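Chemist: need a structure here:
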Amino acid sequence: MTDALVSFVRSRPELKARLERALHAIGYDTADWMRIVMYRHCFEFVRGLEPERLDALEISAGPQWKRQFRFGSY
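Modeler: Residues are numbered from 1 along each chain as shown. A predicted model of the protein is given here:
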């Protein structure tokens, strides 16, 4: 993709959301390839800490953390 196309899609949140849904529907993961393994290992580690019993302070976390875990307080 060219930079212009990426900028165009990013400047239109509704279009970006529709494209992401379409890509997920066909099994394509839009996460950066390096983050896929990192998230898998991090989520496994955090699950072992029993997050529902913990309080969390978020410092610039993405939405994937809220989807994956229910902390005691957030």
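Chemist: what about the residue nearest the centre of the chain, distance to residue 3?
Modeler: The chain has residue 64 as the residue nearest its centroid, 3.6 Å off, counting by Cα atoms, centre = their mean. In this view, residue 64 and residue 3 are 26 Å apart by Cβ to Cβ, to the nearest Å. Using the backbone N, CA and C atoms, a C-beta is placed for each residue, glycine as well.
Chemist: ok, and the helix or strand in the protein with the lowest average confidence?
Modeler: Least confident helix or strand of the chain, by mean pLDDT, DSSP states H and E, is helix 63-68 with a mean of 78.
Chemist: who does that one touch, helix- and strand-wise?
Modeler: Helix 63-68 sits against helix 33-48, with contacts defined as 3 or more Cβ pairs under 8 Å, 6 or more residues apart in numbering; DSSP states H and E.
Chemist: residues making contact with the helix it packs on?
Modeler: Here helix 33-48 makes contact (Cβ atoms under 8 Å, 6 or more residues apart in numbering) with 29, 31, 64, 68-69.
Chemist: In PyMOL, select just the buried ones from these.
Modeler: Selecting in PyMOL just the buried members of these, where the criterion is 16 or more other Cβ atoms under 10 Å, is done with this command:
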select buried, resi 69
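Chemist: how about the contacts of helix 33-48 in a markdown table, adding distance to residue 20?
Modeler: As requested, the contacts of helix 33-48 are exported to a markdown table (distance: Cβ to Cβ, whole Å):
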| residue | distance to residue 20 |
| --- | --- |
| 29 | 10 |
| 31 | 10 |
| 64 | 13 |
| 68 | 18 |
| 69 | 21 |
